[in-house]
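*Asks:* quick check, what structure comes out for this input:
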Amino acid sequence: MKAQHSIFILAICFTLFLTSCNSTPTLQTYIVDHQEAPNFTTVDLPLSVLKVDQTKLNEDQKTAYNAIKRLNFLGYKKETTDSDTYLNEKTQVENILNDEAYNELMVINNHGGKFTLKYLGDDDQSIDELIVYGNAKDTGFGILRVLGDDMNPSQIMSLAKVLEQGDVDMSQVEGLVKFFN
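*Replies:* Below is the predicted model of the structure:
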C-alpha cells in the first residue's frame with residue numbers, strides 16, 4: 001500500500017513538472033537569446049536618459065514618468081545578403097507578439113514598414129510592459145520594451161508629447177543611433 005501511495009505522489013509531481021514547463025518563447029527570452037547574436041544590437045536605457053524636468057509635468061505625466069522603470073531595445077540590422085535570416089527572425093518576433101498575452105494598442109503603416117504598439121498587463125489601464133515593434137524591409141526591425149508598474153496608456157502618450165520636446169542624453173543612446181546609421 002505504501003509503495004502505491006509513493007508511486008501515486010511521484011506521478012502527480014512528474015505531471016505537475018511537465019505541465020509547469022512552458023515552452024512558448026517570450027519576448028524577454030528572445031531578447032536575452034539574441035543580444036549577442038550577429039546583426040543584433042541591444043541597449044538598456046535608464047529612465048535618467050530622458051532628462052525630464054519633472055516640475056514642468058502635469059499630474060498624469062508625473063504618474064506616467066514614475067511608473068516607468070526602464071527601457072530595453074533590441075534591433076536587427078538587415079544586411080543585403082541575409083534576407084532569409086531576416087525573414088526568419090522577423091517571423092519569430094511576430095509569432096511571439098501575436099500570442100494572446102500581448103494586447104494591441106495601435107498599428108501604424110508607413111511607406112517602408114510598420115509600427116505596432118502592444119502591451120502586457122491586466123487591462124489597458126494597468127500595463128506592466130509596453131512594446132513598440134517596428135520593421136522596415138530594407139533596414140531591419142526593432143523592439144522597444146518600456147517596463148514599469150501599472151502604467152496607463154493615455155498617461156504614457158501624454159508623457160511622450162513632452163519627451164518629443166525634451167533633451168535626451170545622446171551618450172546613453174549611442175548604440176541606438178549606430179543601429180540606425
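*Asks:* now do the strands in the chain.
*Replies:* Remark: strands assigned in the chain by DSSP state E are 40-46, 68-77, 103-109, 113-121, 127-136, 140-151.
*Asks:* what pairs with the last one, parallel or antiparallel?
*Replies:* Translated: strand 140-151. Under the criterion DSSP bridges, strand 140-151 sits next to strand 68-77 (antiparallel), strand 127-136 (antiparallel) in its sheet.
*Asks:* quick one: closest of those to Met157.
*Replies:* The closest of the strands paired with strand 140-151 to Met157 is strand 127-136. By C-beta to C-beta, the value is 10.3 Å. All C-beta spots, glycine's among them, are computed from the backbone N, C-alpha and C.
*Asks:* once you drop chain neighbours, what's closest to the residue most central in space within the chain?
*Replies:* For the chain, the residue nearest the mean C-alpha position is Arg145 (3.0 Å; C-alpha atoms, centre = their mean). Spatially, and ignoring its direct neighbours in sequence, Arg145 is nearest to Asn72 (4.3 Å; C-beta to C-beta, 6 or more residues apart in numbering).
*Asks:* how confident was the prediction at the one you found?
*Replies:* pLDDT, Asn72: 91.
*Asks:* ok, it - contacts?
*Replies:* Listed by C-beta atoms under 8 Å, 6 or more residues apart in numbering, the contact set of Asn72 reads Ile31, Thr42, Val43, Asp44, Leu45, Leu144, Arg145, Leu147.
*Asks:* ok, those vs Glu94, which is closest?
*Replies:* The closest of the contacts of Asn72 to Glu94 turns out to be Ile31 (C-beta to C-beta; 14.5 Å).
*Asks:* check whether the closest one really touches Leu144, as I assumed.
*Replies:* No: the pair Ile31 / Leu144 is not scored as a contact, 10.8 Å apart, by C-beta atoms under 8 Å.
*Asks:* quick check: beta-bridge partners of Tyr76?
*Replies:* Phe40, Phe141.
*Asks:* for the strands of the chain, give me CSV that also has distance to Leu159.
*Replies:* Output for these, formatted as CSV (distance: least, C-beta to C-beta, whole Å):
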stretch, distance to Leu159
strand 40-46, 15
strand 68-77, 8
strand 103-109, 15
strand 113-121, 14
strand 127-136, 11
strand 140-151, 10
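*Asks:* what's the closest of the strands paired with strand 140-151 to Gln61?
*Replies:* Between those, strand 68-77 lies closest to Gln61; by C-beta to C-beta that is 11.1 Å.
*Asks:* quick one: work out the angle between the closest one and strand 40-46.
*Replies:* Orientation of strand 68-77 against strand 40-46 (axes from the mean of the first three to the mean of the last three C-alpha atoms, to 10 degrees) gives an angle of 160 degrees.
*Asks:* fine by me, thanks again.
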